[in-house]
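*Asks:* Build me a model from this:
(one chain, ligands or ions: 1)
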Amino acid sequence: MQHNSSDNEVVGYTPLESRRSTPLSSLSVEQEGALPYILSHIDPEGDYLYRLYRATNIHLLHGRMASGHLQGRLLRMLVRMIRPRYILEVGTFSGYSAICMAEGLEPGGRLYTFEINDEQEDFTRPWIEGSPVADRIEFIIGDAIVQAPKLGVTFDMAFIDGDKRTYVETYEMVINVLRPGGFVLADNTLWDGHVVDPAYDRDPQTRGIRLFNDHVARDTRVERVILPLRDGLTLIRKK
Ligand SMILES: C[S@@+](CC[C@H](N)C(=O)[O-])C[C@H]1O[C@@H](n2cnc3c(N)ncnc32)[C@H](O)[C@@H]1O
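*Replies:* Coordinates of the predicted model:
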């Protein structure tokens with residue numbers, strides 16, 4: 001994803017609320033009024049993440065890119081279920097999802113999270129380094145597609161949440177550094193329903209997501225399922 005160097009803007013990213021041009025479908029039931037109910041019946045995010053999410057939305061453009069309470073608790077739960085030793089994240093942004101996944105790691109576990117936008121570092125590094133799970137997180141500024149393979153780490157789990165236009169490229173990199181039996185989570189794979197809306201046929205991000213979904217659907221190396229949570233979350237297992 002490219003960025004406008006003057007104002008930290010994520011070029012090519014359209015925030016969820018601006019993308020919403022049609023009535024909400026059943027794909028995003030938690031956004032139709034049930035979200036407060038859901039949030040009051042799941043684990044709390046805790047004071048630190050609450051403050052991080054608030055600061056993200058006050059100080060950063062497109063603050064809603066951050067995972068938030070519901071997806072954050074899901075990520076932590078998935079980490080607890082998968083029990084990875086090494087996690088790769090593509091797209092740190094403010095660090096919200098990184099901290100959530102790191103919370104789920106067992107002792108000795110490590111999360112490597114990449115952020116391509118170097119202007120993000122001043123905001124994100126103090127939040128990651130000040131978090132209770134700082135010792136489990138390696139925050140790296142750089143393009144994950146280029147830099148992650150250089151780590152020489154074989155990952156047990158990966159979270160793809162970077163530029164939607166390069167999801168296929170990102171996925172191919174991730175599959176190469178993932179162990180057999182490892183899991184990939186890919187965020188935003190329904191793109192607010194635009195993947196099935198012909199009005200978005202020329203939108204580069206919608207096209208990127210559609211290419212990714214088609215690519216994964218045909219990939220014989222993996223098993224996959226799409227969860228219609230939030231903006232769509234695909235769970236993939238490398239055979
Ligand atoms: C949706 S935000 C990430 C949100 C974060 N994962 C969360 O859930 O809280 C996407 C971020 O990915 C970054 N990004 C895009 N392409 C990237 C790449 N190839 N490598 C690393 N970061 C990337 C963008 O700069 C942006 O900050």
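*Asks:* now the helices for this structure?
*Replies:* Remark: helices assigned in the chain by DSSP state H are 16-19, 35-39, 47-59, 68-82, 96-104, 121-129, 144-147, 167-177, 204-218.
*Asks:* starting at the chain centroid, how far to the second one?
*Replies:* Between the centre of helix 35-39 and the centre of its host chain there is 21 Å, according to CA atoms, centre = their mean, to the nearest Å.
*Asks:* go on, stretch 211-228?
*Replies:* Mean C-alpha position of stretch 211-228 versus that of the full chain (CA atoms, centre = their mean) differs by 16 Å.
*Asks:* buried sites along it?
*Replies:* If you call a residue buried by 16 or more other CB atoms under 10 Å, then stretch 211-228 has these buried ones: Leu211, Phe212, Asn213, Val216, Asp219, Val222, Ile226, Pro228. C-beta coordinates here come from the backbone N, C-alpha and C atoms, glycine included.
*Asks:* and the residues you listed as CSV, adding pLDDT and distance to the ligand?
*Replies:* Listed next are the buried residues of stretch 211-228 as CSV, based on pLDDT from 0 to 100; distance: CB to the nearest ligand atom, whole Å:
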residue, pLDDT, distance to the ligand
Leu211, 98, 16
Phe212, 98, 13
Asn213, 98, 17
Val216, 98, 18
Asp219, 98, 20
Val222, 98, 20
Ile226, 98, 18
Pro228, 91, 18
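*Asks:* Closest to Phe183 out of the residues you listed?
*Replies:* Each of the buried residues of stretch 211-228 was checked against Phe183 using CB to CB; the closest is Val222, at 9.6 Å.
*Asks:* Contacts only, for the closest residue to that closest one other than its chain neighbours.
*Replies:* Among residues not flanking Val222 along the chain, Ile236 sits closest, at 5.0 Å (CB to CB, 6 or more residues apart in numbering). Counting by CB atoms under 8 Å, 6 or more residues apart in numbering, Ile236 touches Phe183, Val184, Leu185, Ala186, Val216, Val222, Glu223, Arg224.
*Asks:* What is the neighbour count of the fourth one?
*Replies:* This means Ala186. Here the count is done by other CB atoms under 10 Å, and Ala186 has 27 residues near it.
*Asks:* Report the contact partners of it.
*Replies:* Contacts of Ala186 by CB under 8 Å, 6+ apart are Phe159, Ile160, Asp161, Tyr167, Tyr171, Phe212, Val216, Leu233, Thr234, Ile236.
*Asks:* Would you mind naming the residues that bridge with it?
*Replies:* Per DSSP bridges, the residues bridged to Ala186 are Ile160, Thr234.
*Asks:* Check the helices of the chain for me and report the most buried one.
*Replies:* Across those, averaging neighbours per residue (mean count of other CB atoms under 10 Å) puts helix 96-104 on top, at a mean of 26.
*Asks:* what packs against that one?
*Replies:* The contact analysis (3 or more CB pairs under 8 Å, 6 or more residues apart in numbering; DSSP states H and E) places helix 96-104 against helix 47-59, helix 68-82, strand 86-90, strand 110-115, helix 121-129, strand 137-141.
*Asks:* The first one close to the ligand?
*Replies:* What that stands for is helix 47-59. No. Using CB under 6 Å from any ligand atom, helix 47-59 stays clear of the ligand, coming no nearer than 7.8 Å.
*Asks:* Just give the nearest non-adjacent residue to the residue nearest the centre of the chain, would you?
*Replies:* Taking CA atoms, centre = their mean, the centroid of the chain lies closest to Asp161, which sits 3.3 Å from it. Spatial nearest neighbour of Asp161, chain neighbours left out: Gly91 (4.0 Å); criterion: CB to CB, 6+ apart.
*Asks:* ok, that neighbour - contacts?
*Replies:* Counting by CB under 8 Å, 6+ apart, Gly91 makes contact with Met1, Phe114, Glu115, Ile116, Ala144, Phe159, Ile160, Asp161, Gly162, Asp163.
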